[in-house]
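Trainee: Okay, structure incoming, though there's no sequence with it:
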């Protein structure tokens, strides 16, 4: 199983030591480095910065939020970065959720699957540069209907370095996971667990079976972001992860629509997820964190002594996951790489 490095998105400012960690990841032979965005730092700018200091490691977005840019603007960024990096760009896209899409970007959220399908179609047309880009879709029209009536089909002035750039879709629900297998080159899971492998494998198989599907399991990527903490005390290691889980389960989304909550409910922690959400939305964040059992952390992470982590890694190697995306500073990446052996 390959290893990658997930820098993620910034907190209140640039991530300390990020470039040093990226350089260490390349030195260690990691396959890829990934950036993200929510409603602060963007994904493309840091990725270009890291790419300028590296020569081999693949450069991925995990993820670019589709509502943040028109599909042609996203394609322009991917096309540009692919040239500057010598063909190392991997485009990870995601729909995000209604709170961010409508609250931050001011874009409509309904029908995210249909919107994703049209979005990816346009991005691929731009990158291929085989003809002027056109689409008469429900969510996107190129040229735009109405307006001045002067719009005309265009194709990018820049010739692509590669006719295809890998497009991976972030997804948590079964319909979206199936869509990633149908129209994508890979799937970017979040809060994956070996215990949920059968559920997601079935969703992917459904997508692969659809007419026009691009890939099979043999050529499909599944880079999975996973917390790995090498530490003798499992409980202490879990305590470092629980606050983030409480945020996602309890606060990343509305009570009625929180896809992260649903992931853990499907994993068998519905009562826990409900309690965490109730406490978090009531402002009782410490209690929400304390309500998360260590078993939940262990199901979705690799924590504890190196020997324990190596033993548990076997279960991950038997799943659909093709690459583990690690987090941490340069020293942490070295320590984890040694532990994974």
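Mentor: Structure received. These figures come from a predicted structure and were not determined experimentally. Numbers count the residues shown, from 1 in each chain.
Trainee: Now do the strands in this structure.
Mentor: Ranges of strands in the chain, per DSSP state E, are 2-8, 32-35, 58-61, 64-65, 89-94, 135-136, 141-142, 167-170, 186-188, 223-225, 228-230, 302-304, 323-326.
Trainee: Dump those to CSV, plus distance to residue 273.
Mentor: Quick note: C-beta positions are derived from backbone N, CA and C, even for glycine. Listed next are the strands of the chain as CSV, based on distance: least, Cβ to Cβ, whole Å:
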stretch, distance to residue 273
strand 2-8, 22
strand 32-35, 26
strand 58-61, 28
strand 64-65, 24
strand 89-94, 21
strand 135-136, 38
strand 141-142, 40
strand 167-170, 20
strand 186-188, 21
strand 223-225, 19
strand 228-230, 22
strand 302-304, 20
strand 323-326, 23
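Trainee: mind checking how far the one residue sitting closest to the centre of the chain is from residue 262?
Mentor: Among the residues of the chain, the one closest to the centroid is residue 62, at 3.5 Å (Cα atoms, centre = their mean). Distance, residue 62 to residue 262, by Cβ to Cβ, to the nearest Å: 20 Å.
Trainee: now swap in residue 204 and tell me
Mentor: 18 Å.
Trainee: So these two - more neighbours on which side?
Mentor: More neighbours surround residue 204 than the other of residue 204 and residue 262, with 23 against 16 (other Cβ atoms under 10 Å).
Trainee: Now do the contacts for residue 66.
Mentor: Taking Cβ atoms under 8 Å, 6 or more residues apart in numbering, we find residue 66 in contact with 74, 93-96, 115-116, 119.
Trainee: hmm, I was thinking of residue 151
Mentor: Applying Cβ under 8 Å, 6+ apart to residue 151 gives the contacts 142-144.
Trainee: go on, residue 303?
Mentor: Here residue 303 is in contact with 227-229, 231, 234, 237-238, 241, 297, 309 (Cβ under 8 Å, 6+ apart).
Trainee: Pick the one among those closest to residue 30.
Mentor: Closest approach to residue 30 among the contacts of residue 303 (Cβ to Cβ): residue 228, at 12.9 Å.
Trainee: Return the set of residues that bridge with that closest one.
Mentor: Residue 228 has these beta-bridge partners by DSSP bridges: residue 302.
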